[in-house]
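Enquirer: can't give you the sequence, but here's the structure:
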């Protein structure tokens, strides 16, 4: 007779509460710096409606800031370069989609809806959880929470940009980076993740003054993949935990 695994309802509820807490916390922190984007976009020459449409449709902070930054530096003549820069930064979401595919599960409409919310923060919060249900909660709470908050704060920043002055004076431009670092930090417990993170950060820092926006991020991502794949420091004694109920990629239809 096969043993039936014991289901701990209390532990499952705790995992779900943690996912909600993490998702809402990151959503609030990340949404705050949408004010910065709204103000900077209007200062770059976009009107309020153009700024809001960018947040509604594009919805990836790095790409939006790159677009507004290039437009601000070169005016309308820089639109092709702005689109190229935003696209380069948005490519990383393809990798996130591949990683999140087994968590989201099958079904066209479910995956189509998830695509809009697959961003840095929703992926990080989801993968930080230890059960499949908690990962789903973390993904949807973070993604939807940031989408709503980001768009509201973008509108506020665009309308109040002149009143607020330079949003960087309030530190809002660093809010998303700080939130993402807080999610990444607990995972840097073994040598290999530390080496991957340091190598990618060094490459991005060195190349940022030299290349067009977006390229340093992609090159740093390639470096991270190479360093991680080569596993130069040897395998960790204990692999990172994965929830037992997440299907393998090979088992997807």
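Expert: Everything's here; your move. Because the structure is predicted, anything quoted here is derived from the model rather than measured.
Enquirer: could you use CA atoms for every contact and neighbour count after this?
Expert: Noted.
Enquirer: break this structure down into its structural domains.
Expert: Domain assignment for the chain, taken from automatic domain parsing, gives 13-176, 188-234.
Enquirer: which regions of this structure lie under the pLDDT threshold?
Expert: Segments of the chain classed as low confidence (criterion: pLDDT under 70) are 1-8, 69-90, 162-190, 212-215, 217, 228, 230-253.
Enquirer: just so I have it, where are all the helices in the stretch 1-150 of the chain?
Expert: Taking DSSP state H, counting those that start in this stretch, the helices of the stretch 1-150 of the chain run over residues 9-32, 34-43, 48-57, 61-74, 79-90, 92-104, 108-117, 120-127, 132-164.
Enquirer: mind putting the domains of the chain into CSV with mean neighbour count?
Expert: Output for the domains of the chain, formatted as CSV (neighbours: other C-alpha atoms under 10 Å):
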stretch, mean neighbour count
domain 13-176, 20
domain 188-234, 16
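Enquirer: and the gap between the closest residue to residue 48 other than its chain neighbours and residue 104?
Expert: Spatially, and ignoring its direct neighbours in sequence, residue 48 is nearest to residue 158 (5.6 Å; C-alpha to C-alpha, 6 or more residues apart in numbering). Applying C-alpha to C-alpha, to the nearest Å, the value for residue 158 to residue 104 is 34 Å.
Enquirer: next one: residue 12
Expert: 18 Å.
Enquirer: identify the residues contacting the nearest residue to residue 204 once chain neighbours are set aside.
Expert: Excluding the flanking residues, the one nearest residue 204 by C-alpha to C-alpha, 6+ apart is residue 216, at 4.9 Å. Counting by C-alpha atoms under 8 Å, 6 or more residues apart in numbering, residue 216 touches 203, 204, 205, 207, 208.
Enquirer: over to residue 195?
Expert: residue 227.
Enquirer: name the SS class of it, please.
Expert: Put simply, residue 195 is helix when judged by DSSP: H, G, I helix; E, B strand; the rest coil.
Enquirer: oh, and call the first residue 27 from now on, that's how I've got it
Expert: Will do, 27 is the new start, and the previous item becomes residue 221.
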